[in-house]
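# A predicted structure for the sequence below; I have some questions about it.
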Amino acid sequence: MKLASATSVDVTWPSWVLVVAAVLVPGLLLAGPALRRRYPAAWWLLCGFPAVALRVVQTWRPLMAGCGLAVSRRPALTVVSGLVGKGAPPPQPRVPRRGLIRPTSGGFVLLVRLLPGQVPEHFVKAAPAMAESWQVHAVRVTSWKPGIVRIVASAVDPLADPQVPKQRGPGHLLRVTVGALETGAAWVVDLRRVPHWLIVGATRSGKSTLINALVAGLAPQPVALVGIDCKGGMELSLYEPRLSALATNREQAVRLLTALVDLTLDRMSLCRAARVRNIWGLPDKERPVPVVVIVDEIAELFLVASRTEKDEAHAAGTALIRLAQLGAALGVFLVVAGQRVGSDLGPGVTALRAQLGGRVCHRVADPGTAEMALGNLNPDALKAAQAIAPEQAGTAVLASGDGWERARSHLITEADAETVAAEYAHLTPVLSELHVEP
């Protein structure tokens, strides 16, 4: 009796646990909708993630078998098991070994070790089936290490309404949060890490909105903004109070770019005299101000109709390439944007593209532009960019040497851009060497 009594005590839940459960479960059910609306990340960690993680564990083996990712045991082992077990069922097929399921702010991440003979593409093809089985918005599979893939699941579409926290103060130098990634993380453009960017997109695809968000984030920082807008300044003139220089036609652009090249050469001499490899090695008081050059509609710089225009286009292209080659170490950064960027604009565009390590591709009107932006970095990124629908304004595929992501920029309107430029106009550095005559 004592043994039975002891056993009974061991398996009986303490009364306080039952009371807590009786109060907590109905409370979560009642407060769940409000919690989900007001604190989506907290709701996901408390309620959503445990349920989805349990679903992943329960469906892992049948899902792998159904997607053709399970491997049968050796036939000889099957025969032996049948003889020894006297008709017992054969061993279950091997499935890829799954790592821990780690939650993110709006989904989860897990690593999977491939079985012999498997390649990451097998799991990429199975991603839609995983999303359907686990009842999540999307699943993306990427190669993590040799023999290991990384599965990232999003419970909801984080690009439906990206919420970017309001920036307070100047923040980190040359680092701007411009939107949200498909993983739910913030989309951050860090010019110190990836110094030069190419942004492409058709009309009303979100290209101008992204530039607005980038300028709004850079305006409070101690940097110089320089604009080149050969469409008469229709786009970049919104930021004119915060611009240290603005060129509105190709002739002005050539002079401004030439002045920027001279500026980088002067900074090169300064670094050489101080025996440092870049301006970041200089003392704070001696370090020149960083310069961010925004070029809107790059095609206007390269399209030619006469011999004079051809010479101007060649000069502009050469200057841009030199800035891309020298600028990262000398504090000059390029953001080049355009509706159409193709090899038909001349070899200068292809040479410039090779120097722009960061790429952002919105919906484009021709596949050649998407190919120019992403084709040499990642074929999967190119396919994702070509799948962006017209109604998905602001959605883009961004790629660099580190990989690629789907993202959506935060909505910054033209009125917002004008307000930000006027608010921080007093921070505009005066660079007399960049003055452009009208």
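Now that the structure is in, tell me what you want to look at. Numbers count the residues shown, from 1 in each chain.

# Low-confidence ranges, the stretch 201-350 of the chain, go.
Within the stretch 201-350 of the chain, the set of residues satisfying pLDDT under 70 is empty.

# Please parse the protein into its domains.
32-154, 175-434 (automatic domain parsing).

# From one end of the longest one to the other, what's the distance?
Going back to what we said before, that points to domain 175-434. By Cα to Cα, to the nearest Å, the extent of domain 175-434 from end to end equals 24 Å.

# phi, psi of the residue lying closest to residue 113 once chain neighbours are set aside?
Across the structure, with Cβ to Cβ, 6 or more residues apart in numbering as the measure, the residue nearest residue 113 apart from its sequence neighbours is residue 97 (4.6 Å). All C-beta atoms are positioned from the backbone trio N, CA, C, and that covers glycine. Note on residue 97: its backbone torsions stand at phi -80, psi 130 [degrees, to the nearest 10].

# hmm, back to that, wait, which of the domains of the chain is closest to residue 160?
In terms of Cβ to Cβ, the element of the domains of the chain nearest to residue 160 is domain 175-434, at 8.4 Å.

# returning to what we had before: with distance to residue 160 and mean neighbour count added, can I get the domains of the chain in a markdown table?
Formatted as a markdown table, the domains of the chain follow (distance: least, Cβ to Cβ, whole Å; neighbours: other Cβ atoms under 10 Å):
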| stretch | distance to residue 160 | mean neighbour count |
| --- | --- | --- |
| domain 32-154 | 9 | 15 |
| domain 175-434 | 8 | 19 |
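
# And the strand or helix carrying residue 257, how far out from the chain middle?
Secondary structure from DSSP states H and E places residue 257 in helix 250-274. In terms of Cα atoms, centre = their mean, to the nearest Å, the centre of helix 250-274 is set 31 Å apart from its chain centre.

# what helices or strands is that helix leaning on?
For helix 250-274, the contact count by 3 or more Cβ pairs under 8 Å, 6 or more residues apart in numbering; DSSP states H and E identifies strand 224-229, strand 243-247, strand 291-296, helix 299-302, helix 307-330, strand 332-338 as packing neighbours.

# The same query, at a cut-off of 7 Å, please.
The helices and strands touching helix 250-274, judged by 3 or more Cβ pairs under 7 Å, 6 or more residues apart in numbering; DSSP states H and E, are strand 243-247, helix 299-302, helix 307-330.

# which residues are contacting it?
The set of residues that contact helix 250-274 without belonging to it, under Cβ atoms under 7 Å, 6 or more residues apart in numbering, is 228, 230, 245, 247, 277-279, 282, 288, 293, 300-301, 312, 315-316, 319-320, 322-323, 326-327, 330-332, 433-434, 436.

# again with stretch 411-430
Here stretch 411-430 makes contact (Cβ under 7 Å, 6+ apart) with 209, 212-213, 215-216, 219-220, 222, 224, 238-242, 244, 289, 394.

# Now go through these and say which are in helices.
When helices are assigned by DSSP state H, the members of the contacts of stretch 411-430 inside them are 209, 212, 213, 215, 216.

# May I see the residues you listed arranged in JSON lines, with distance to residue 345 as well?
Supplementary listing: the ones in helices among the contacts of stretch 411-430 in JSON lines, determined by distance: Cβ to Cβ, whole Å:
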{"residue": "209", "distance to residue 345": "24"}
{"residue": "212", "distance to residue 345": "25"}
{"residue": "213", "distance to residue 345": "27"}
{"residue": "215", "distance to residue 345": "25"}
{"residue": "216", "distance to residue 345": "30"}
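
# tell me the SS of residue 112?
strand (DSSP: H, G, I helix; E, B strand; the rest coil).

# which residues does the nearest residue to residue 183 once chain neighbours are set aside bridge with?
Leaving out its chain neighbours, the residue that sits closest to residue 183 by Cβ to Cβ, 6+ apart is residue 152, at 5.7 Å. Note on residue 152: beta-bridge partners residue 109, residue 140, judged by DSSP bridges.

# Residue 304 versus residue 152, what's the distance?
Distance of residue 152 to residue 304, computed by Cβ to Cβ, to the nearest Å: 45 Å.

# go on, residue 104?
When residue 104 is compared with residue 304 (using Cβ to Cβ), they lie 49 Å apart.

# Then residue 111?
Counting by Cβ to Cβ, the gap from residue 111 to residue 304 is 52 Å.

# what does residue 224 give?
Residue 224 sits at a distance of 30 Å from residue 304 (criterion: Cβ to Cβ).

# need the helices for this protein, in chain order.
Using DSSP H, helices in the chain cover 2-11, 15-38, 40-43, 49-66, 75-85, 120-134, 207-218, 250-274, 299-302, 307-330, 347-355, 367-374, 379-386, 414-423.

# which ones are touching residue 335?
If a contact means Cβ under 7 Å, 6+ apart, then residue 335 has 197, 199, 214, 292, 294 as its contacts.

# Can you add distance to residue 414 and give those residues back as TSV?
Converted to TSV, those look like this (distance: Cβ to Cβ, whole Å):
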residue	distance to residue 414
197	21
199	17
214	14
292	20
294	15
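
# what's the closest of those residues to residue 176?
Set against residue 176, the nearest of these by Cβ to Cβ is residue 214 (5.8 Å).

# so the closest one makes contact with residue 178?
Yes. Taking Cβ atoms under 7 Å as the contact criterion, residue 214 and residue 178 are neighbours in contact, 5.7 Å apart.

# tell me the two of the contacts of residue 335 that are most distant?
When these are compared pair by pair using Cβ to Cβ, the farthest-apart members prove to be 199 and 292, with a separation of 13.1 Å.

# follow-up on the earlier one: how far away is the residue nearest to residue 183 from residue 407?
Summarising the geometry, the distance separating residue 152 from residue 407, computed by Cβ to Cβ, is 14 Å.
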